[in-house]
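Peer 1: No sequence on hand, only this structure:
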């Protein structure tokens, strides 16, 4: 019954109240989700005597963590929007097959990644620019974290299917469970049990495992949701897998790009620093800046996830007028959130950095770096909405192009050139410049795409 009521709201509910109803829980979930890594960095950065170098070590593990997250989103954001479209088409059998196949794909990919990253942990970290001083901290954290790859991927990937059916509150609970556990367990394992940075990894793995069990229980057994997963639906069908990969590849590329860029940035910061210690400090600073980016994007991702089931359902039902109104409301909400977050980081950079460290030299570097890194980012609300609505409408080609453009085609050339003129500061400046270029291009292309739909159907208003 509850599933039927949610489907009725997706089809005919008032758009703005429905968008807020779906977006607020998604936004809360995204912010809480950031606490997984944020809490680790806060506790680790305040470890007595070794906090700064330990924070640097943790920052050097980020590319691998991003790769694991990217594979989770490859399946979750590939299958989730397709499920919403199937619901709009009233194809419940097809929706169930997509959900079951996605679970099987996450399990298989998770096992492969666990083995690969555990076996080659230290060589990969050294390749990514880890110094001898930071290697013990990075390796200690990463070896434990990768053992929890399967539950991490299930928690992230399958939670998309709760959101795609309109049950964003249940999706929020998935994230809150893990984040609260991590908040409680971090000081226990890091300080009380004296495990240091390894304790942070243990706390994260336990927390994500509990979240994974929760989301699996809902998707397998709960009668509250529209589509439940059956064993017969978990037998992977090539056609379903191909569609999931095709649509999810843009989200995968987006985070894989982040991983690649993070590796490059770490190497460039070390190259343009006068000595190894300064390089470690800059990498520690970038770890904090990246944490701020996570916070910045969380509300924007919450809005796009709230809009996705409405847009996907309307696209499947060919209700393009309702779809367009949803996108416009989503843009307003995203731009508002982006501007508010931008103002906080520009006005209070020292206070924000102070959450992670008490090291005066690192604080001073972070205060100026945060302002540089975020100086133009208030426009990113438009970028996020446009890019992710391509995914919601099932357009794998365009979503992939814009997933590649921001990091690969624009940021990498800038981050390679700017340091020749500004040194290490140029590495921080390249990001906001690339963002403003990408926003303009994406807006123009997305507007033309919507006008093309308008010409193709008389129902588009």
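Peer 2: Nice, thanks for sending it over. This structure is a prediction, so every number in the text was calculated from the model and none was measured.
Peer 1: longest single helix anywhere in this structure?
Peer 2: helix 276-317 (DSSP state H).
Peer 1: Now do the same for whichever helix or strand comes after that one: mean pLDDT, whole number.
Peer 2: Following helix 276-317 in sequence order, the next helix or strand is helix 320-347 (DSSP states H and E). Helix 320-347 carries an average pLDDT of 87.
Peer 1: Quick one: residues in contact with the helix or strand just after helix 320-347.
Peer 2: The element immediately downstream of helix 320-347 (helix or strand, assigned by DSSP H and E) is helix 349-353. If you take Cβ atoms under 8 Å, 6 or more residues apart in numbering as the criterion, helix 349-353 is touched by 288, 292, 344-345, 362-363, 366-368, 370-371. For every residue, glycine as well, the C-beta is placed using N, CA and C.
Peer 1: for stretch 81-92, same thing?
Peer 2: Here stretch 81-92 has contacts from 7, 10-11, 94-95, 98-99, 161, 164-165, 226-227, 243-244, 247, 308-309, 311-317, 391-394, using Cβ under 8 Å, 6+ apart.
Peer 1: Where does the prediction get shaky in the stretch 1-150 of the chain?
Peer 2: Low-confidence segments of the stretch 1-150 of the chain (pLDDT under 70): 1-7, 29-30, 33-37.
Peer 1: same thing but 80
Peer 2: Counting by pLDDT under 80, the ranges of the stretch 1-150 of the chain that qualify are 1-13, 25-40, 46, 48-52, 84, 87-88, 129.
Peer 1: What are the boundaries of the helices in it?
Peer 2: Per DSSP state H, counting those that start in this stretch, the stretch 1-150 of the chain carries helices over the ranges 2-12, 15-45, 51-60, 62-88, 92-119, 121-127, 135-145, 149-164.
Peer 1: need those in JSON lines with distance to residue 376 and mean neighbour count, can you?
Peer 2: As requested, the helices of the stretch 1-150 of the chain are exported to JSON lines (distance: least, Cβ to Cβ, whole Å; neighbours: other Cβ atoms under 10 Å):
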{"stretch": "helix 2-12", "distance to residue 376": "35", "mean neighbour count": "16"}
{"stretch": "helix 15-45", "distance to residue 376": "22", "mean neighbour count": "22"}
{"stretch": "helix 51-60", "distance to residue 376": "23", "mean neighbour count": "26"}
{"stretch": "helix 62-88", "distance to residue 376": "23", "mean neighbour count": "26"}
{"stretch": "helix 92-119", "distance to residue 376": "35", "mean neighbour count": "19"}
{"stretch": "helix 121-127", "distance to residue 376": "32", "mean neighbour count": "16"}
{"stretch": "helix 135-145", "distance to residue 376": "31", "mean neighbour count": "22"}
{"stretch": "helix 149-164", "distance to residue 376": "29", "mean neighbour count": "27"}
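Peer 1: In TSV: those helices, plus distance to residue 201.
Peer 2: As requested, the helices of the stretch 1-150 of the chain are exported to TSV (distance: least, Cβ to Cβ, whole Å):
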stretch	distance to residue 201
helix 2-12	37
helix 15-45	8
helix 51-60	9
helix 62-88	10
helix 92-119	12
helix 121-127	12
helix 135-145	4
helix 149-164	11
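Peer 1: I'd like to know which of these lies nearest to residue 377.
Peer 2: The closest of those to residue 377 is helix 15-45. By Cβ to Cβ, the value is 16.1 Å.
Peer 1: helices and strands around that closest one, which ones?
Peer 2: Applying 3 or more Cβ pairs under 8 Å, 6 or more residues apart in numbering; DSSP states H and E, one finds that helix 15-45 contacts helix 51-60, helix 149-164, helix 168-187, helix 197-221, helix 276-317, helix 320-347.
Peer 1: hang on, the earlier thing: looking at the helices of the stretch 1-150 of the chain, which is nearest to residue 304?
Peer 2: helix 15-45 (8.3 Å).
Peer 1: now the angle from the closest one to helix 276-317?
Peer 2: If you take axes from the mean of the first three to the mean of the last three Cα atoms, to 10 degrees, helix 15-45 sits at 160 degrees to helix 276-317.
Peer 1: from the chain's centre, how far out does helix 15-45 sit?
Peer 2: 11 Å (Cα atoms, centre = their mean, to the nearest Å).
Peer 1: How about stretch 294-302?
Peer 2: 8 Å.
Peer 1: So which bits of that stretch are buried?
Peer 2: Neighbour counts over stretch 294-302 (16 or more other Cβ atoms under 10 Å) mark 294-302 as buried.
Peer 1: want to throw those into CSV with distance to residue 175 and pLDDT?
Peer 2: Formatted as CSV, these follow (distance: Cβ to Cβ, whole Å; pLDDT from 0 to 100):
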residue, distance to residue 175, pLDDT
294, 13, 78
295, 14, 81
296, 18, 85
297, 15, 82
298, 10, 81
299, 14, 83
300, 16, 85
301, 12, 81
302, 11, 82
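Peer 1: Nearest to residue 429 among the residues you listed?
Peer 2: Taking the buried residues of stretch 294-302 together and measuring to residue 429 by Cβ to Cβ, the closest member is residue 296, at 16.5 Å.
Peer 1: surely the closest one meets residue 345?
Peer 2: Yes. Using Cβ atoms under 8 Å, residue 296 makes contact with residue 345 at a distance of 7.1 Å.
Peer 1: Touching both of those two, which residues are there?
Peer 2: Applying Cβ under 8 Å, 6+ apart, one finds that residue 296 and residue 345 are jointly contacted by residue 374.
Peer 1: circling back: looking at neighbours, which among the contacts of helix 349-353 is most surrounded?
Peer 2: Neighbours here mean other Cβ atoms under 10 Å. Within those, the largest count is held by residue 366, at 27 neighbours.
Peer 1: For that one, which non-adjacent residue is closest in space?
Peer 2: Once flanking residues are discounted, residue 366 sits nearest to residue 353: 3.7 Å by Cβ to Cβ, 6 or more residues apart in numbering.
Peer 1: On the pLDDT front, check the one you found for me.
Peer 2: 86.
Peer 1: Relative to residue 45, how far out is it?
Peer 2: Residue 353 sits 10 Å away from residue 45, going by Cβ to Cβ, to the nearest Å.
Peer 1: between the two, what contacts are shared?
Peer 2: Shared contacts of residue 353 and residue 45 (Cβ under 8 Å, 6+ apart): residue 288.
Peer 1: Quickly note the distance from the nearest residue to residue 47 once chain neighbours are set aside to residue 45.
Peer 2: Nearest residue to residue 47 in three dimensions, chain neighbours excluded: residue 54, at 5.5 Å (Cβ to Cβ, 6+ apart). Computed as Cβ to Cβ, the residue 54 to residue 45 distance reads 7 Å.
Peer 1: Sweet, I'm off.
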